[in-house]
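> below are the sequence and a predicted model for it; my questions follow.
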Amino acid sequence: MKVNIQFVKMSTSETIEAYTIKKLDGLIKKFDTIINTRVFFKKENNAKDKGVICEMELSVPGPRVFASSDEKNYELAVKNTIKDLEIQLKKRKAILKPHL
């Protein structure tokens, strides 16, 4: 699987990249149909409580799967986004299972 991580209007961070790839590896072990992953990190300057946005788009057979979260820090944003993706993938797997 190919992972493409982009930092929008902010400096890159190897620590965040490594953490994201580590968390995505756990998702890939559960769902082997993932082909490609695009990750976007954004920071809002005028946010009061939150302001760190993580968006992930998965290429899987069928329609693409997308999730986004806005949190206080990058680790929490990645964790919540992957949790949302996992819920969507479980639903898709349950729908496709009878057809396989």
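Good, I have the coordinates. Numbers count the residues shown, from 1 in each chain.

> mind checking the longest helix of this protein?
Longest helix of the chain, by residue count under DSSP state H: helix 74-96.

> buried set for it?
74-75, 77-82, 84-86, 89, 92 (16 or more other CB atoms under 10 Å). Heads up, the C-betas are built off the backbone N, CA and C, glycines and all.

> what's the answer for stretch 55-75, then?
In stretch 55-75, counting by 16+ other CB under 10 Å, buried: 55-60, 65, 67, 69-71, 74-75.

> so how far does it reach from one end to the other?
13 Å (CA to CA, to the nearest Å).

> swap in stretch 41-55?
First-to-last residue span, stretch 41-55, CA to CA: 7 Å.

> ok, back up a step: adding pLDDT, secondary structure and distance to Leu27, write the buried residues of stretch 55-75 out as CSV.
Below are those laid out as CSV (pLDDT from 0 to 100; DSSP: H, G, I helix; E, B strand; the rest coil; distance: CB to CB, whole Å):
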residue, pLDDT, secondary structure, distance to Leu27
Glu55, 96, strand, 15
Met56, 96, strand, 9
Glu57, 96, strand, 13
Leu58, 94, strand, 8
Ser59, 92, strand, 13
Val60, 89, coil, 11
Val65, 93, strand, 11
Ala67, 96, strand, 11
Ser69, 94, strand, 15
Asp70, 92, strand, 20
Glu71, 91, strand, 18
Tyr74, 92, helix, 17
Glu75, 93, helix, 15
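
> dump those into JSON lines; add distance to Thr15 as well.
Below are the buried residues of stretch 55-75 laid out as JSON lines (distance: CB to CB, whole Å):
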{"residue": "Glu55", "distance to Thr15": "19"}
{"residue": "Met56", "distance to Thr15": "18"}
{"residue": "Glu57", "distance to Thr15": "22"}
{"residue": "Leu58", "distance to Thr15": "23"}
{"residue": "Ser59", "distance to Thr15": "26"}
{"residue": "Val60", "distance to Thr15": "28"}
{"residue": "Val65", "distance to Thr15": "26"}
{"residue": "Ala67", "distance to Thr15": "22"}
{"residue": "Ser69", "distance to Thr15": "19"}
{"residue": "Asp70", "distance to Thr15": "20"}
{"residue": "Glu71", "distance to Thr15": "16"}
{"residue": "Tyr74", "distance to Thr15": "9"}
{"residue": "Glu75", "distance to Thr15": "10"}
